[in-house]
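>>> need the 3D shape of this:
(3 chains)
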Amino acid sequence: MATADAQSIAEELMEWFSHEGRDLPWRRPPRTPYRVLVSELMLQQTRADVVARRFEAFVDRYPDFAALAQATLDDVLRAWEGLGYYRRAQALWRTARVVAARGELPVEREELLRLPGIGPYSASAVRSFAFSLPDPALDANLRRVALRVMGERADPARAQAQKAAHGLLSEVLKAGPPADLSDALMDLGALVCTSRGPRCEICPIARWCAGRESGEPEAFGRPAAKGARRELRIVALRVESELGLLWRPRPSKGLLAGLWEPPHLLAPEQPGEGEIDRLLATWGVRGARDTGERWPMSHVFTHQAWIGEVRRIEAESLPPSAPARWLNRHALAEVALPSAFRAVLSKGW
DNA sequence: AACGCGGGGAG
DNA sequence: CTCCCAGCGTT
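Predicted coordinates for the structure are as follows:
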């Protein structure tokens, strides 16, 4: 993005914002650090129009850090009722106590990040809205707008995508009043450059937008679809000896906790033969011979899908590395086997 | 990187 | 109904 483009984008945003910007309670003067912080905590994962109905009652009851710090947590939680994510109310109250004791809200990013409930977004929001510093607050709106302008397909949650968005928007915020430009970018994301059904025909910065030029602006800047699970390739081994099949218990926490598993490899790409050999060595298998027999297996979880094959291996009847064990037919019937690995037992077991 | 955490608005 | 929202803290 050329400096001249950042300048032009800033000018168009300011012009558009002057007549299309939203009138939101926390934007009205005085835009003090306290009011900014309260609004930002309320706005975490909560739409602006919902917060707009609740903001004034809260700051009327607790007008400043001192008032909030003196309240009991129970009272603050009651004032938060209906807003959800009640942990935010506790964090705000704790931060108020720190600030009331300290005197004022810090300006430095690192110091803000140490306060309860203030993460990367809120720290930047305080700096841009309360102190008018060119520090883009990368919420869902600003990420989406930036990634569409850049034509960047990356998942907005990824660090790499955020770095790119930060670079572009820093330039824009330096080309005008950072607080107003941040307001404008938020409103653009909420009213025009929406997650679904963006209205490119009325967008003031469409001329600079690669996403619009591509003809599929919706394809950029959206969170990875919930249903779109990660696909992993799997090679599971049916290692046979005269004593049975090789299995071991999985860790007691996490996916399929405590169930039993056979030797297998999971990776985004098909594993190489060397990895199979190392896997067998790790399990303490001696005299392994690949029979060449293979059959397909697949399993779909909520968050990931395994697609691959089972390979039949023959090995010597020597003790494997703990906690792996040879399980005969009787033992296999006694332990818990995830259905994901049932395919290992087909073809004769 | 992936979850859990509330509740509501929009399509 | 599903998707998504001015995210953070924890693992």
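
>>> and the residue in the stretch 1-150 of chain A that DNA strand C sits nearest to, what pLDDT?
Relative to DNA strand C, the nearest point of the stretch 1-150 of chain A is A:Gly119 (2.5 Å; CB to the nearest atom of the strand). All C-beta atoms are positioned from the backbone trio N, CA, C, and that covers glycine. If you check A:Gly119, the pLDDT there is 98.

>>> can you report how many residues lie near the closest residue to it other than its chain neighbours?
Once flanking residues are discounted, A:Gly119 sits nearest to A:Leu113: 7.1 Å by CB to CB, 6 or more residues apart in numbering. For A:Leu113, the count of nearby residues is 14 (other CB atoms under 10 Å).

>>> ranges for the helices of the stretch 151-300 of chain A?
Secondary structure of the stretch 151-300 of chain A, counting by DSSP state H, counting those that start in this stretch: helices at A:159-173, A:178-187, A:210-214, A:273-282.

>>> of the ones you listed, which is nearest A:Pro198?
helix A:210-214 (8.0 Å; CB to CB).

>>> returning to what we had before: OK, contacts around the residue nearest to A:Gly119?
If you count contacts by CB atoms under 8 Å, 6 or more residues apart in numbering, A:Leu113 has them with A:Gly119, A:Pro120, A:Ala123.

>>> rewinding a little: phi and psi next, for the residue of the stretch 1-150 of chain A closest to DNA strand C.
phi -110, psi -160 (degrees, to the nearest 10).

>>> what about it, how many neighbours?
Here the number of neighbours of A:Gly119 (other CB under 10 Å) works out to 13.

>>> what of A:Val149?
27.

>>> tell me what the host helix or strand of it is packed against?
Element membership of A:Val149, judged by DSSP states H and E, is helix A:140-150. Using 3 or more CB pairs under 8 Å, 6 or more residues apart in numbering; DSSP states H and E, the elements in contact with helix A:140-150 are helix A:159-173, helix A:178-187, helix A:210-214.

>>> closest one to A:Leu24 among those?
Using CB to CB, the nearest of those to A:Leu24 is helix A:178-187, at 8.5 Å.

>>> and that closest one, is it in reach of DNA strand B?
No: using CB under 7 Å from any atom of the strand, helix A:178-187 stays clear of DNA strand B, coming no nearer than 14.6 Å.

>>> for the record, mean pLDDT for that helix?
98.

>>> relative to the whole chain's centre, how far out is it?
Here the centre of helix A:178-187 is set off from its chain's centre by 23 Å, with CA atoms, centre = their mean, to the nearest Å.

>>> run through who's touching stretch A:194-209.
Residues from elsewhere that reach stretch A:194-209 (CB under 8 Å, 6+ apart): A:1, A:5, A:8-9, A:12-13, A:15-16, A:140, A:144, A:148-149, A:151, A:188, A:192-193, A:212, A:217-218, A:221-222.

>>> out of the helices and strands packed on helix A:140-150, which one sits most buried?
Among the helices and strands packed on helix A:140-150, ranked by average contacts under mean count of other CB atoms under 10 Å, first place goes to helix A:178-187 (a mean of 24).
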